[in-house]
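Student: please find the sequence and the predicted model below.
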Amino acid sequence: MLNFTVRRIFLVILVAFTVSVIAFFLVRMSGDLATALAGEDANAQEIADIKKIYGLDRPLIIQYADWLFDALRGDFGASLYFPETVGELVAMRLPTTLQLAFSGLIISLLIGIPFGVISALKPDSWIDRISMSIAVAGQAIPTFWMGLMLMVLFGLILRLTPISGDESWQHFILPAFTLGYYSTPPIMRLTRSGMLEVLAGDYIRTAYAKGLKPLRVLFKHALRNAVIPVVALASVQFGHMLSGAIVIESVFAMQGIGYLAWESILRNDIAVIQAILLIVCLFYVGLTFISDLVNAWLDPRIRVS
Amino acid sequence: MTRHLFRRISAHNSILIGGTVLGAIVFMALFAPLLAPHDPFAQDLSKRLLPPFWMEEHNPKHILGTDNLGRDYLSRLIYGAQISLMIGVCTAIISGIIGSALGITAGYFGGRVDAVITFIITTRLSMPIVLVALAVVALVGGSLHAVILVLGFLLWDRYAVVMRSATQQARNMDYVSAARAIGCPTWRVVLSEIFPNVVNNLIVIATFEVAHAILLEASLSFLGLGVQPPDPSWGLMIAEGKEFLLFDPWVITIPGIALSILVLAVNMLGDGIRDVSAPENRN
Amino acid sequence: MMTPILETKDLECSFQISTGMFSPRKTLAAVNGVSVQLLKGQVLGLVGESGCGKSTLAKMLLGLQKPTKGDILFDGQPLEKFSQFERAARVQPIFQDPYSSLNPRKTIFEIITLPLSVHKIGTSRDRVLKAKEMMDLCGLASRYLNSYPSQLSGGQRQRVAIARALVMKPEVVICDEPTSALDVSVQSQILNLLMELKNELGLTYLLISHNLAVVEHLADRVAVMYFGEIVENEDTEQIFNKPRHEYTQKLLSSVLAPDPNLFTREV
């Protein structure tokens, strides 16, 4: 296991590095930073001056190295539109997004796991089919639209929740639910299949034979084993939620990094885009790493491949 | 026994229902010029935001009402199907080719080639699609073609992963050894011996990726970085209707329902095909 | 002495395996210094337990695995001198598992005539005739020409595999456990077919099997393999009646026979 972990860490560093390269070059090619900084009416001389001042005339590789080293120290440069540095901006907005993603994950686990367990206990029953149908139907609904519909229903018509913004925890209910809903079906399915597999196992039958109460068997033995692959999946789903936060934050006008990313992309605020892209990618890399570790711990065959 | 039978029947049902609905939408898209009552781009500011037929002040000439620029909603809905379907299919083809090529190559040759390709897949999986797609589309400017290309070059990971493992399985079969022992050249072994045995997986993944692409385009267009106005992308229509959420909610309800139905149909079709061809892959 | 039709000299096939992050890689020799000879028309039995290297040896002879050392000679000529096609025309395999040795997506016709198709031999009319001829030779009704493997039984599939192996008119056929995966009732049919074909077409067989009864019945000579090395290589009678190597003796003594006197051996 240690062997595997060490090898994986090398891989993770390599991927993180590659991803940083892509993040940098992708965004850099999106526009001439010098022109954006100089403003619309700048002439050629002013643009050339800006290039000198900001070091934009150096080879791209050098600029990348500079950016990376600064980023590792937390310095992401300056925003074109905000007075704060990019680092400060991100630090301000990141908690909102993390809270949102985390709430979404909790919701998807709170709905997905119990339904998965129930479905496994009574496979192909009406409750199983209904929950699977809801899952299938749910995955067809565009998240942003669902957010809007919920906003109309619960915020405007029923007036149960706030409509937009992120001041209080109530503001997080609808966005978190919308975000989490999309991850519920995979978690439900994995829990269901995991439970089915575990319940059919011999050691469960032994536990029953020993006379243990069914519920106790359920929680102590079956669930514990079935839930481990779900942890790995949840890790990956958390990453998807960070990504989905862009859309949800825009719908509900929440001040997270998703909304910030969208605004910055529309305004070509390159430093911000690069920073957010790098951070989200690093989150992805880290989350995938955790997921891989959990899966490898669970299935030793993975460690040797 | 009955459970097995039930699964097969419901698989066929899925294909039937999903296929029929999808077929209807495709029909609608193909014959849009004939079916649409009005020009989807024709504005008439005197007829803004007319409600659909189930509400009181509706106009019989516009069954589903009009949007904020007076354009007939039904017509825009019908033409919008063209956009969603085209994006879904084109993206699936591009990403399918890229992903399958990578996956089959990795699965067949193994070793260093596999290590490199797996690294590429891992790197791609470490990037959030929406964010990258947004950034790139901002780079090249939003348009139908930009979306198709960007999504096509991003959504290949599932193909690669599935094709890789399917190819690895096929590679270990004796009929591959027999073909090689006969002196069959590598390209022919891959195309003629292995590919027909993995193509089922490809089809199932392709249907799900069509749905995925359709939803992603809707999100991108909703955020203003996908298909640009005045094209009737359903996602864009939802964005345009956002302001009128409170008083004229149908403006966003209708395209949302349309999207959901289309994606649901495609997913059902994919589920059905998968259950029929390889039921063991259900979960 | 006649030149053997197929011969290996000190053949070796080693793999590097890693034993941990910080230890150096170890070398595992799946086949270690194997020298065997096949004379024309002979059946050489190759026996040994699972994992002894029989399959690796077979793969090398078929050109599917590169040896790390040693030579393979056809009629005295080294393997490298032959093109893929020429080698394929000389050595063909019959595999153990009739379920994985036939491509489920191809018809029997396509499977049998694959060698002809790959090497562009004959027109499609010729190939149909050839396919029917081979099926006839192997006891398969020609109505199965356009069937799929899933429609055939295990024994029938093995006949298809035999037909495919013989369509290139090879001189040597490597039979890797040809009947192990078949029902007992079908095994003798297939074995008899193999012997008939050998006599009719003048074939030479390398018969790999862990089933000693089969080997005793069919082989002229037997080579015993243990951990990648040949420990004994004698006439069949010699091996079964007067085994010299300790391992051979162990192998023989482990066989459960209904009549204990079937394997008489003097130790």
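Tutor: Yep, it's here.
Student: per-residue confidence for C:Ile150?
Tutor: Actually, residue C:150 is Ser rather than Ile. Predicted confidence (pLDDT) for C:Ser150: 91.
Student: that one in helix, strand or coil?
Tutor: helix (DSSP: H, G, I helix; E, B strand; the rest coil).
Student: grab the nearest non-local neighbour of it.
Tutor: C:Pro104 (6.1 Å; CB to CB, 6 or more residues apart in numbering or on different chains). In this view, the C-beta of every residue, glycine as well, is placed from N, C-alpha and C.
Student: who touches the one you found in this structure?
Tutor: B:Asn197, C:Tyr148, C:Pro149, C:Ser150 (CB atoms under 8 Å, 6 or more residues apart in numbering or on different chains).
Student: would you say it is within a strand?
Tutor: No. Using three-state DSSP, the assignment for C:Pro104 is coil, not a strand.
Student: phi, psi of it?
Tutor: When read as degrees, to the nearest 10, the backbone of C:Pro104 gives phi -60, psi -20.
Student: ok, now C:Lys9?
Tutor: The phi/psi pair for C:Lys9 (degrees, to the nearest 10) reads phi -130, psi 110.
Student: I figured it hits C:Ser35, correct?
Tutor: Yes. Using CB atoms under 8 Å, C:Lys9 is in contact with C:Ser35, at 5.3 Å.
Student: list the helices and strands the worst-scoring helix or strand of chain C on mean pLDDT packs on?
Tutor: With mean pLDDT, DSSP states H and E as the measure, the helix or strand of chain C carrying the lowest mean pLDDT is helix C:246-253 (a mean of 80). Secondary-structure packing of helix C:246-253 (3 or more CB pairs under 8 Å, 6 or more residues apart in numbering or on different chains; DSSP states H and E): strand C:221-226, strand C:229-235.
Student: now do 10 Å
Tutor: strand C:43-47, helix C:212-218, strand C:221-226, strand C:229-235, helix C:236-241 (3 or more CB pairs under 10 Å, 6 or more residues apart in numbering or on different chains; DSSP states H and E).
Student: of the ones you listed, flag the one that's most buried.
Tutor: Counting by mean count of other CB atoms under 10 Å in any protein chain shown, strand C:43-47 has the highest mean neighbour count of these, with a mean of 25.
Student: and that strand with chain B, contact?
Tutor: No. Strand C:43-47 stays clear of chain B (CB under 10 Å from any CB of the partner chain), getting no nearer than 17.2 Å.
Student: so what strands line up beside that strand?
Tutor: Its sheet considered, strand C:43-47 pairs with strand C:204-208 (parallel), strand C:221-226 (parallel) by DSSP bridges.
Student: so for that strand, mean pLDDT?
Tutor: For strand C:43-47, mean pLDDT rounds to 91.
Student: could you do stretch B:128-144 as well?
Tutor: 84.
Student: now do the buried residues in that stretch.
Tutor: B:128-139, B:142, B:144 (16 or more other CB atoms under 10 Å in any protein chain shown).
Student: next, A:Phe283: secondary structure please.
Tutor: Once three-state DSSP is applied, A:Phe283 turns out helix.
Student: how about it, what does it touch?
Tutor: A:Leu94, A:Thr97, A:Leu98, A:Ala101, A:Phe238, A:Gly239, A:Leu242, A:Ser243, B:Ser126, B:Pro128 (CB atoms under 10 Å, 6 or more residues apart in numbering or on different chains).
Student: that older thread, out of the helices and strands packed on helix C:246-253, nearest to A:Ser125?
Tutor: helix C:212-218 (52.4 Å; CB to CB).
Student: if we can go back for a sec, could I have the least confident helix or strand of chain C exported to CSV, CA atoms only?
Tutor: The C-alpha atoms that make up helix C:246-253 are tabulated as CSV, following Å, rounded to 0.1, in the frame of the first residue of the first chain:
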residue,chain,number,x,y,z
GLU,C,246,12.8,-37.2,-9.7
TYR,C,247,10.2,-34.7,-10.9
THR,C,248,9.0,-37.1,-13.7
GLN,C,249,8.6,-39.8,-11.1
LYS,C,250,6.6,-37.4,-8.8
LEU,C,251,4.4,-36.4,-11.8
LEU,C,252,3.6,-39.9,-12.7
SER,C,253,2.9,-41.0,-9.2
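Student: now do the helices in the stretch 1-150 of chain B.
Tutor: B:2-30, B:32-35, B:73-109, B:111-125, B:129-140, B:144-154 (DSSP state H, counting those that start in this stretch).
Student: sorry, back to before: any shared contact partners between C:Lys9 and C:Ser35?
Tutor: C:Gly70, C:Asp71.
Student: and the gap between C:Phe109 and chain B?
Tutor: Distance of C:Phe109 to chain B, given as CB to the nearest CB, to the nearest Å: 14 Å.
Student: average pLDDT for the helix or strand harbouring that residue?
Tutor: According to DSSP states H and E, C:Phe109 maps onto helix C:108-112. Over the span of helix C:108-112, the pLDDT mean works out to 93.
Student: the residue in chain A that chain C sits nearest to - how many residues pack around it?
Tutor: In chain A, no residue comes nearer to chain C than A:Asn3, which is 5.5 Å away by CB to the nearest CB. Counted with other CB atoms under 10 Å in any protein chain shown, the neighbours of A:Asn3 add up to 13.
Student: over to A:Ile9?
Tutor: Using other CB under 10 Å, A:Ile9 has 12 other residues around it.
Student: grab the nearest non-local neighbour of it.
Tutor: A:Phe289 (7.8 Å).
Student: cool, and A:Met29?
Tutor: The spatial neighbour of A:Met29 that comes closest, neighbours along the chain excluded (CB to CB, 6+ apart), is B:Leu139 at 6.3 Å.
Student: got the phi and psi for residue 83?
Tutor: Assuming you mean chain A. phi -70, psi -30.
Student: let me rephrase: I mean chain C.
Tutor: The phi/psi pair for C:Ser83 (degrees, to the nearest 10) reads phi -80, psi 170.
Student: ok, now which ones touch it?
Tutor: With contact taken as CB under 10 Å, 6+ apart, C:Ser83 is in contact with B:Gly183, C:Ala89.
Student: do the same with C:Leu129
Tutor: By CB under 10 Å, 6+ apart, the contact list for C:Leu129 reads C:Gly122, C:Thr123.
Student: sorry, back to before: assign the residue nearest to A:Ile9 to helix, strand or coil.
Tutor: Recorded secondary structure, A:Phe289: helix (three-state DSSP).
Student: so it sits right up against A:Arg7, yeah?
Tutor: No. With contact defined as CB atoms under 10 Å, A:Phe289 does not count as touching A:Arg7 (11.6 Å).
Student: which one of the two is surrounded by more residues?
Tutor: Per other CB under 10 Å, whichever of A:Phe289 and A:Arg7 has more neighbours is A:Phe289, with 19 against 12.
Student: next up, the contacts around that one.
Tutor: Applying CB under 10 Å, 6+ apart, we find A:Phe289 in contact with A:Thr5, A:Arg8, A:Ile9, A:Leu11, A:Val12, A:Val15, A:Ala16, A:Ser235, B:Ser126.
Student: same thing but at 8 Å, please
Tutor: When contacts are counted by CB under 8 Å, 6+ apart, A:Phe289 is found next to A:Arg8, A:Ile9, A:Val12.
Student: the residue in the stretch 51-200 of chain C that chain A sits nearest to: neighbour count?
Tutor: Of all residues in the stretch 51-200 of chain C, C:Gly51 sits closest to chain A, at 17.4 Å by CB to the nearest CB. Using other CB under 10 Å, C:Gly51 has 11 neighbouring residues.
Student: so where does it fall, helix or strand?
Tutor: Applying DSSP H and E, one finds C:Gly51 in no helix or strand.
Student: for it, grab phi and psi.
Tutor: The phi/psi pair for C:Gly51 (degrees, to the nearest 10) is phi 90, psi 10.
Student: quick one: pLDDT of it?
Tutor: 78.
Student: how about B:Arg7?
Tutor: For B:Arg7, the pLDDT comes out at 67.
Student: how about the contacts made by A:Trp169?
Tutor: By CB under 8 Å, 6+ apart, the contact list for A:Trp169 is empty.
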